[in-house]
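Undergrad: Got a predicted structure plus its sequence, pasted below:
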Amino acid sequence: MPPSAVARLTDFRTGASVATDDLSAVSDALSPHSRSHPLADPLAPPADSPLWRKSFLLGAATASYQIEGAVNEDGRLPCIWDTFSATPGKVLAGDTGAVACDHYHRWEADIDMLMGLGLEGYRLSIAWPRVMDEAGQPNRKGLDFYRRLLARLKEKGITTFVTLYHWDLPQHLEDRGGWLNRDTAYRFADYADLMSRELAGSVDAWATLNEPWCSAYLGYGNGHHAPGLANPRFATQAMHHLLLAHGLAVPALRANDPASQKGIVANVGRGTANSERAADQRAAHLFEVQHNAWILDPLLKGAYPGDLLELWPGTEPLVLEGDLRTISAPLDFLGINYYFRTNVESDGAHGFREVPPEGVERTQMGWEVYPDGLRDLLTGFKAAYRNLPPIYITENGMASDDTVIGGHVDDTQRISFLRRHLAAVDQAIQAGVDVRGYFLWSLMDNFEWAFGYERRFGIVHVDYATQKRTIKRSAEWVSAFLKERKARS
Ligand code: FCB
């Protein structure tokens, strides 16, 4: 291992400096040639951890627009991200998902790669514009792509989590108002009905939506994501229609594919207060209301949090009689995506403002590495929601500026990141939270939305010029752990 990789690792373990003899153990364990001793790896979970249990699912996640490419093939319709990324200034370097990882053509090799790493679960999404035409009729060619993909995954014994909406809204629906139009929720229910009729029996778990917070707030509240509108009033209305879409879809999924699990995926944020002052404590609370309770309260309590209006006065969405009952129907699982924490203070009025801590470890995104946040959120949700369903961590991971040197990618920070976040999950389980699996984001580098291809989240490196995949050291680490776990069971 090159000295620079070792030096970098020292910063990332506990924050404390690591003794020299420790370092040799670490560098040994991370070497691709020392696969025979994965458990000499000080980064492995403790021997009594539930993560060793075969029933704890370990997998990787991707999403259609971020990896598939082939945007004009086999009758796929344009989506809001095609439009947004073609708009100058919206995506870094003008990148688009037109080719992405070319997964639409390389899916077989990509599944082999997933299998080769020993991953047991795969979370993917279906591109709505690929499988349904404007009249709501199935597009057979698009459907066949997912049919083949899911058949292969089933044949290989991979547990599949399929997200129906990971942000690629058909453009023709956006042209009619997108998520600001209540009708989109009913169109989504039709889409969920069609997919679950067509693909019944080949999906282990259906997630209706990925991260409604991002769709509503980044898409309609601040305009950083497609469709690029910026008005808090729009955000709350879009959120309501997204959650309604979820609620309307669940009964169709249950009726058509009873054996599968049904759930939703929420991104959650940890807000910490910059001081003990009551105003700052309140600011941290409001941060979590805006990021977490805004979605989880209607789903799990059948009501929006009142505090939301303190942040955004006058933004009450139009909610019809019965909507919240539809939205809060029981779930089989809740998907949680976690990346970082935000440290805040009071803005002096009714909101919060960020106070970025200094001297902390960050990723290529500038996001703080804060594993305790994941544990604290999970235990907090258990305390807050009596009917909290079983949880899967459906995304967790980090971006780093990875390059291939001599055929290897030394992404040591990612190994440390994954190890510490798995440890946080472990702690939450020990504290009584029912967490059943973990999907790392992402199987491979891909189109990172407004950041294009510059930010690399994969455990597999993708050379976008040649589409060559290179297994990173983090993938080797995960793979070694899974191998050992299999050997023990
Ligand atoms: C999440 C998205 C996912 C990916 C990660 C880094 O918000 O669900 O598609 O971009 O962030």
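TA: Received the coordinates, thanks. Residues are numbered from 1 along each chain as shown.

Undergrad: contacting residues around the residue nearest to Asp372 when sequence neighbours are not counted?
TA: Excluding the flanking residues, the one nearest Asp372 by Cβ to Cβ, 6 or more residues apart in numbering is Ala424, at 6.4 Å. (Glycine included, C-beta is placed from N, CA and C.) If a contact means Cβ atoms under 8 Å, 6 or more residues apart in numbering, then Ala424 has Pro371, Asp372, Gly373, Leu374, Arg375 as its contacts.

Undergrad: Would you tell me which residues of the chain are close to the ligand?
TA: Counting by Cβ under 6 Å from any ligand atom, the chain comes close to the ligand at Ala63, Gln66, Asn210, Glu211, Cys214, Asn267, Asn337, Glu395, Trp441, Glu448, Trp449, Phe457.

Undergrad: what pLDDT does the closest residue to Lys54 other than its chain neighbours get?
TA: Sequence neighbours aside, Ser489 is the residue nearest to Lys54 in space, at 4.5 Å (criterion: Cβ to Cβ, 6+ apart). Per-residue confidence (pLDDT) for Ser489: 81.

Undergrad: Could you count how many residues lie near Ser489?
TA: 9 (other Cβ atoms under 10 Å).

Undergrad: how much space between it and the ligand?
TA: Distance, Ser489 to the ligand, using Cβ to the nearest ligand atom, to the nearest Å: 31 Å.

Undergrad: sorry, back to before: helix, strand or coil: sort out the residue nearest to Asp372 for me.
TA: Following DSSP: H, G, I helix; E, B strand; the rest coil, the label given to Ala424 is helix.

Undergrad: same thing with Val268?
TA: strand.

Undergrad: what about it, how many neighbours?
TA: Neighbours of Val268 under the rule other Cβ under 10 Å: 23.

Undergrad: In the sheet, which residues pair with it? Tell me.
TA: In this entry, Val268 is beta-bridged to Tyr338, by DSSP bridges.

Undergrad: Show the contacting residues for it.
TA: Per Cβ under 8 Å, 6+ apart, neighbours of Val268: His291, Asn292, Leu296, Ile336, Asn337, Tyr338, Leu377.

Undergrad: out of those residues, which is most surrounded?
TA: Of the contacts of Val268, with other Cβ under 10 Å as the count, Tyr338 tops at 26 neighbours.

Undergrad: which residues touch it?
TA: Applying Cβ under 8 Å, 6+ apart to Tyr338 gives the contacts Asn267, Val268, Arg270, Gly373, Leu374, Leu377, Ile393, Glu395, Asn396, His421.

Undergrad: Give me the subset of these lying in helices.
TA: Taking DSSP state H, the ones among those that sit in helices are Gly373, Leu374, Leu377, His421.

Undergrad: Which of the residues of the chain next to the ligand fall in strands?
TA: If you go by DSSP state E, those have Asn210, Asn267, Asn337, Glu395, Trp441 in strands.

Undergrad: Pick the one among the residues you listed closest to Arg53.
TA: Using Cβ to Cβ, Glu395 is the member of those that lies nearest Arg53, at 21.4 Å.

Undergrad: That closest one bridge partners, please.
TA: Under the criterion used (DSSP bridges), Glu395 bridges to Asn337.

Undergrad: Now for it, how many residues are close by?
TA: 24.

Undergrad: In contact with it, which residues are there?
TA: Counted by Cβ under 8 Å, 6+ apart, Glu395 has contacts Ala61, Arg123, Val265, Asn267, Gly335, Asn337, Tyr338, Tyr339, Phe439, Leu440, Trp441, Ser442.

Undergrad: could you redo the last one with a cut-off of 10 Å?
TA: Shown in contact with Glu395 (Cβ atoms under 10 Å, 6 or more residues apart in numbering): 60-61, 63, 123, 210-211, 265, 267, 335-339, 438-442, 457.

Undergrad: With Gly348 instead?
TA: Each residue near Gly348 by Cβ under 10 Å, 6+ apart is listed here: Ala279, Ala283.

Undergrad: Please report how far it lies from Val460.
TA: 46 Å (Cβ to Cβ, to the nearest Å).

Undergrad: ranking the contacts of Ala424 by neighbours, who comes first?
TA: Within the contacts of Ala424, neighbour counts (other Cβ under 10 Å) peak at Leu374, which reaches 27 neighbours.

Undergrad: doesn't His421 make contact with that residue?
TA: Yes. If you go by Cβ atoms under 10 Å, Leu374 and His421 touch, sitting 5.8 Å apart.
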